[in-house]
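Trainee: when you get a sec, could you give me coordinates for this:
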Amino acid sequence: MNGFLIINKHAGISSFDVIRKLKKINKFKKIGYIGTLDRNATGVLPVAINEGVKLIPLLEDYEKSYKAKFLLGIKTDTFDIEGKVLEEKRVDEFKKEELERILKNFEGEITQKVPVFSSKKINRKPLYKLARKGIEIEAPEKKVYIYSIKLVEYVHPYVDVEVTCSKGTYIRSLANDFGEILGCGATLYALVRTKHGDFTYDMSVGLDEIKEKVDVERHIIPLEDILPNMNKVIIDIQFERFLRQGMPVPIMSDMNAPKQDETVKLFNRNGRLIAIGIIDIKTNTIKVKRLINN
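Mentor: Numbering: from 1, shown residues only. Got it, this is the predicted structure:
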């Protein structure tokens with residue numbers, strides 16, 4: 001039982017709570033998730049099972065997509081509706097074109113302030129723990145990339161947007177910054193992650209549908225189906241033993257236009273994923289990056 005469960009996380013539980021609940025269903029050898037979702041956020045949370053954990057480093061940098069609802073006229077200390085209200089004001093209705101223009105300015109590389117109520121660590125201590133103790137800290141900044149952000153609906157004072165962004169983007173910081181530019185303040189009211197890389201919302205399953213081990217087996221996506229756009233290389237049986245010992249193997253003659261430093265999936269003749277490799281044109285070999293099912 002190796003692969004990924006795409007959980008549709010519901011509001012009110014943490015990403016860690018999802019792992020805890022799954023561990024009660026079955027004692028997995030290894031388990032972990034990609035991309036933390038806040039407690040009030042919902043949607044796609046990819047969970048790696050057993051050997052799937054080895055693929056996490058290859059998947060965590062993929063872009064993510066969200067549907068978000070911003071509430072105008074309110075500022076909170078957490079940048080979302082769960083936080084303490086710092087400021088509240090009556091807001092006149094904006095023109096839709098003005099909102100679209102401001103949202104467009106967020107596209108590309110931007111600098112965000114990390115919310116002080118977040119799991120980001122300073123001196124090995126999560127910011128939220130320092131914030132809860134009343135310790136004043138300067139929120140660190142980080143560069144992220146917004147591939148697209150568009151207005152979906154505006155029913156004052158709620159602004160619905162769709163965002164596709166890089167790893168590490170805080171959508172609640174985006175809401176807060178949006179409100180700052182408008183001059184009225186804004187906070188994140190609701191958030192749904194609809195996509196993480198190749199994992200989409202329609203692939204997800206609710207945690208309440210996973211009650212027994214058989215449910216995990218029914219919904220798990222096998223390792224062989226992960227990273228569908230990565231080139232697949234079949235390793236002859238005589239080279240499989242060398243591969244499992246971490247030794248490079250020759251580039252197969254039937255491989256389609258290999259590129260230097262290209263990452264590829266290596267399968268045995270039985271169709272089982274056995275490793276992730278890196279192409280080295282100079283030596284005409286594939287070097288082992290990560291062994292799977294070893």
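
Trainee: L182 touches L72, doesn't it?
Mentor: Yes: with contact defined as C-beta atoms under 8 Å, L182 reaches L72; the gap is 6.9 Å. In short, each C-beta sits where N, CA and C put it, glycine included.

Trainee: out of those two, which sits in the busier spot?
Mentor: The neighbour count for L182 versus L72, taken as other C-beta atoms under 10 Å, is higher for L72 (24 against 18).

Trainee: looking at the sheet around the more buried one, what are its partners?
Mentor: Per DSSP bridges, the residues bridged to L72 are A186.

Trainee: and it, what pLDDT?
Mentor: You'll see L72 listed with a pLDDT of 98.

Trainee: tell me which residue lies nearest the centroid of this protein.
Mentor: The chain has G35 as the residue nearest its centroid, 3.7 Å off, counting by C-alpha atoms, centre = their mean.

Trainee: so how far is P258 from the closest residue to it other than its chain neighbours?
Mentor: Setting aside the residues directly before and after it, G35 is nearest to H196 in space (C-beta to C-beta, 6 or more residues apart in numbering), at 5.7 Å. Going from H196 to P258 by C-beta to C-beta, to the nearest Å gives 28 Å.

Trainee: likewise F4?
Mentor: 27 Å.

Trainee: what of R244?
Mentor: In terms of C-beta to C-beta, R244 sits 21 Å off from P258.

Trainee: try K24
Mentor: 45 Å.

Trainee: which stretches of the stretch 1-150 of the chain have low pLDDT?
Mentor: For the stretch 1-150 of the chain, residues meeting the criterion pLDDT under 70 lie at 116-138.

Trainee: any chance you could map the helices in it?
Mentor: Counting by DSSP state H, counting those that start in this stretch, the stretch 1-150 of the chain has helices at residues 15-25, 56-59, 96-104, 127-132.

Trainee: nearest to H219, out of these?
Mentor: Proximity to H219 (C-beta to C-beta) singles out helix 15-25 among the helices of the stretch 1-150 of the chain, at 11.3 Å.

Trainee: tell me the buried residues in the closest one?
Mentor: Buried residues in helix 15-25, counting neighbours by 16 or more other C-beta atoms under 10 Å, are found at 15, 18-19, 22.

Trainee: list phi and psi for the residue nearest to K282 when sequence neighbours are not counted.
Mentor: Excluding its sequence neighbours, the residue lying closest to K282 (C-beta to C-beta, 6+ apart) is Q260, at 7.5 Å. Dihedral pair for Q260: phi -60, psi 130, per degrees, to the nearest 10.
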